[in-house]
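Student: curious how this folds, go ahead:
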Amino acid sequence: MVLISHELPISLLKYGEIWNDYNYILPCFMDKYEEYRKYYLEQSKTSKFTILDNSLFEGYFHTTQELLDKINLLQPNIFIVPDAWNDKNKTLVNAKSWIINYKHKLPEKTNLMAVLQGKTYGELVECYQTLVDLGFRYIAFNHSSEAYHNICPNNDKLISQIEGRKFLIDNLLKDKILDTKIYHHLLGASLASEFRFYKTGYEFIKSVDTSSPIINGALGIRYQKYGVPTKPIEKLEHFMEMDLTDKIEDIQHNVSTFRKICQDS
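Tutor: Numbers count the residues shown, from 1 in each chain. Just a heads-up that it's a prediction; the model follows:
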């Protein structure tokens with residue numbers, strides 16, 4: 001069964017114990033919000049599985065030392081090494097650097113995860129193969145690669161993204177490039193409806209993360225059976241310090257619906 005986690009604003013952190021199978025931490029918020037920092041420092045004392053992101057999608061750039069400090073402070077099970085949006089070469093340079101120069105500086109329990117990046121299907125395939133050759137046993141498929149629009153062109157960009165990621169995964173599997181023994185993660189979501197496709201035969205996908213149910217609920221938007229056909233322009237940080245008590249029913253509905261999308265046959 002795939003593990004699910006939703007990034008949470010401060011007023012909803014207490015629901016992480018109920019809604020999330022594992023902790024998904026954004027280091028940029030550790031620096032910016034003291035309540036966020038305190039919550040996850042307490043969580044680090046528990047045995048709950050934890051993934052620490054690098055905050056690229058949020059538009060933050062940390063120094064290597066800042067990331068190392070947070071890794072050693074939180075001791076996550078997985079750290080997502082810094083990648084470069086749609087840039088295969090820079091992503092691979094960073095990945096190799098972390099394997100060679102910094103892996104030995106991490107807690108024994110912390111594994112490195114790399115994100116596939118590239119502008120074309122061929123670049124994504126090459127990125128995957130190189131990461132495996134470098135020794136990565138944890139790999140993430142990002143949700144909005146530029147390559148997806150080339151792979152599955154559609155006037156609706158969101159449809160291109162969900163169809164493109166599915167096409168990439170299916171063809172890596174069909175061509176026997178994908179190593180089913182590796183831990184694979186679905187990084188973010190364009191539309192919740194995508195996740196209905198990853199059921200039997202996709203057991204190599206171990207976890208997913210998305211703030212979509214939270215953000216839509218915070219805006220008063222309720223999921224239908226397979227979510228909604230649009231994506232809000234707001235990112236999680238827009239809601240970080242808001243009191244969302246009056247939106248809790250909408251958010252709870254979306255969280256429950258998302259789990260059904262992922263798990264129902």
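Student: rest of the way, CA atoms for contacts and neighbours
Tutor: Will do.
Student: buried residues in stretch 36-50?
Tutor: Tyr36, Arg37, Tyr40, Gln43, Ser44, Thr50 (16 or more other C-alpha atoms under 10 Å).
Student: cool, and stretch 51-59?
Tutor: Ile51, Leu52, Asp53, Asn54, Ser55, Leu56.
Student: from those residues, which land in helices?
Tutor: Counted as lying in helices by DSSP state H, out of those, is not a single one.
Student: do a quick rundown of the strands in this protein.
Tutor: For the chain, the strands defined by DSSP state E occupy 3-5, 23-25, 50-52, 78-80, 111-116, 138-142, 183-187, 205-209.
Student: just send those strands back as JSON lines, with mean pLDDT too.
Tutor: Shown next, in JSON lines, are the strands of the chain (pLDDT from 0 to 100):
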{"stretch": "strand 3-5", "mean pLDDT": "98"}
{"stretch": "strand 23-25", "mean pLDDT": "97"}
{"stretch": "strand 50-52", "mean pLDDT": "98"}
{"stretch": "strand 78-80", "mean pLDDT": "98"}
{"stretch": "strand 111-116", "mean pLDDT": "98"}
{"stretch": "strand 138-142", "mean pLDDT": "98"}
{"stretch": "strand 183-187", "mean pLDDT": "98"}
{"stretch": "strand 205-209", "mean pLDDT": "97"}
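Student: ok, the buried residues of stretch 36-50 vs Glu123, which is closest?
Tutor: Taking C-alpha to C-alpha as the measure, Glu123 sits nearest to Thr50 out of these, at 29.3 Å.
Student: distance check, the nearest residue to the closest one once chain neighbours are set aside against Pro82.
Tutor: In this structure, Thr50 finds its nearest non-sequential neighbour in Asn23, 4.6 Å apart by C-alpha to C-alpha, 6 or more residues apart in numbering. Computed with C-alpha to C-alpha, to the nearest Å, the distance linking Asn23 and Pro82 is 19 Å.
Student: centroid-nearest residue for this protein?
Tutor: Ranked by distance to the mean C-alpha position of the chain (C-alpha atoms, centre = their mean), the top residue is Leu187 at 2.8 Å.
Student: got a list of what it touches?
Tutor: When contacts are counted by C-alpha atoms under 8 Å, 6 or more residues apart in numbering, Leu187 touches Ala140, Phe141, Asn142, His143, Val208, Asp209, Thr210.
Student: if we go to 6 Å?
Tutor: Listed by C-alpha atoms under 6 Å, 6 or more residues apart in numbering, the contact set of Leu187 reads Ala140, Phe141, Asn142, His143, Asp209.
Student: and the closest residue to Val81 other than its chain neighbours, how far is that from Lys48?
Tutor: Nearest residue to Val81 in three dimensions, chain neighbours excluded: Ala114, at 5.7 Å (C-alpha to C-alpha, 6+ apart). Counting by C-alpha to C-alpha, the gap from Ala114 to Lys48 is 21 Å.
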